[in-house]
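In: Just to be clear, the model below is a prediction. Sequence and coordinates:
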Amino acid sequence: QKEVEQNSGPLSVPEGAIASLNCTYSDRGSQSFFWYRQYSGKSPELIMFIYSNGDKEDGRFTAQLNKASQYVSLLIRDSQPSDSATYLCAVNEGSGSSNTGKLIFGQGTTLQVKP
Amino acid sequence: DGGITQSPKYLFRKEGQNVTLSCEQNLNHDAMYWYRQDPGQGLRLIYYSQIVNDFQKGDIAEGYSVSREKKESFPLTVTSAQKNPTAFYLCASSINRKSEQYFGPGTRLTVT
């Protein structure tokens, strides 16, 4: 059973701090990794995706991927109360011709940014 | 306006009734997906389609059926055989099976 693991939290950080969200996955063949933000009662919104080892930055968000350790993380700099949400990590099942297009989701980490 | 639409936003049904949830996209995406989310849980894949007139079962397909007669549309029917149908249903689409998925606003189904 392929799995994606996240700490459910809540992770509480003060406004202006760096929030660090972590995710591990079991399928060593996975090639694509996604972070979604989900506000309470709403649908998930894609905020980052990463395919290669290393860091990818987009504004206040940085995704970090380490395939050897099967670990992907999301850093949010200068956290704002509006960042308070659940963050879902998703991993694409398989690679190359065995890439099914299926995403395996973690259960999500709830982030609380306190003013 | 490009995007994914789902209707209705809220749906109430009596046990034993079949119900069909609508999902439409005008993004010209080939692949479409249906997920289910239960409170405090991650998303679970019900069905997916990578091309018109073709679809595959996901991890929890029992009690559900789909069709993909048009590229833009991927309706989901929740049948009376689904034991616990009350959930938040999310439709997503992507350019192809290797690309990122974008979600519609969801349909919240309550069966009593």
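Out: Arrived safely. Numbers count the residues shown, from 1 in each chain, chains lettered A, B, ... in the order given.

In: what are the phi and psi angles of the closest residue to chain B within chain A?
Out: Proximity of chain A to chain B (CB to the nearest CB) peaks at residue A:101, 2.8 Å away. The C-beta positions use only the backbone N, C-alpha and C, and glycine is treated the same way. Here is the backbone geometry of residue A:101 (degrees, to the nearest 10): phi 90, psi -10.

In: show me the contacts for the closest residue to residue A:92 other than its chain neighbours.
Out: Closest residue to residue A:92 apart from its sequence neighbours, by CB to CB, 6 or more residues apart in numbering or on different chains: residue A:32 at 3.8 Å. Residues in contact with residue A:32 (CB atoms under 8 Å, 6 or more residues apart in numbering or on different chains) are A:49, A:51, A:91, A:92, B:98, B:100.

In: same question, residue B:30
Out: B:50, B:51, B:71, B:94, B:95, B:96, B:97.

In: ok, the closest residue to the fifth one other than its chain neighbours - how many residues close by?
Out: Leaving aside its chain neighbours, residue B:95 sits nearest to residue B:29 (5.5 Å; criterion: CB to CB, 6+ apart). Residue B:29 has 18 neighbouring residues, counting by other CB atoms under 10 Å in any protein chain shown.

In: try the one 5 residues further on
Out: Residues contacting residue B:34 under the criterion other CB under 10 Å number 25.

In: what's the helix or strand harbouring residue A:91 packed up against?
Out: Using DSSP states H and E, residue A:91 falls within strand A:85-92. When contacts are defined as 3 or more CB pairs under 8 Å, 6 or more residues apart in numbering or on different chains; DSSP states H and E, strand A:85-92 sits against strand A:4-5, strand A:19-25, strand A:33-38, strand A:71-76, strand A:103-105, strand A:109-114.

In: what do you get if the cut-off is 7 Å, keeping everything else the same?
Out: strand A:4-5, strand A:19-25, strand A:33-38, strand A:103-105, strand A:109-114 (3 or more CB pairs under 7 Å, 6 or more residues apart in numbering or on different chains; DSSP states H and E).

In: residues contacting the closest residue to residue A:5 other than its chain neighbours?
Out: Distances taken as CB to CB, 6+ apart place residue A:24 nearest to residue A:5, at 4.9 Å, with adjacent residues excluded. Residues in contact with residue A:24, defined by CB atoms under 7 Å, 6 or more residues apart in numbering or on different chains, are A:5, A:70, A:71.

In: Can you name the residues bridging to the nearest residue to the second one once chain neighbours are set aside?
Out: Pointing back at residue A:70 there. Using CB to CB, 6+ apart and skipping residues adjacent in sequence, the residue nearest residue A:70 is residue A:25, 5.3 Å away. Judged by DSSP bridges, the bridge partners of residue A:25 are residue A:4.

In: Can you report how many residues lie near residue A:25?
Out: 23.

In: ok, now residue B:93?
Out: Other residues close to residue B:93 by other CB under 10 Å number 26.

In: Same question for residue A:88.
Out: There are 27 residues near residue A:88, going by other CB under 10 Å.
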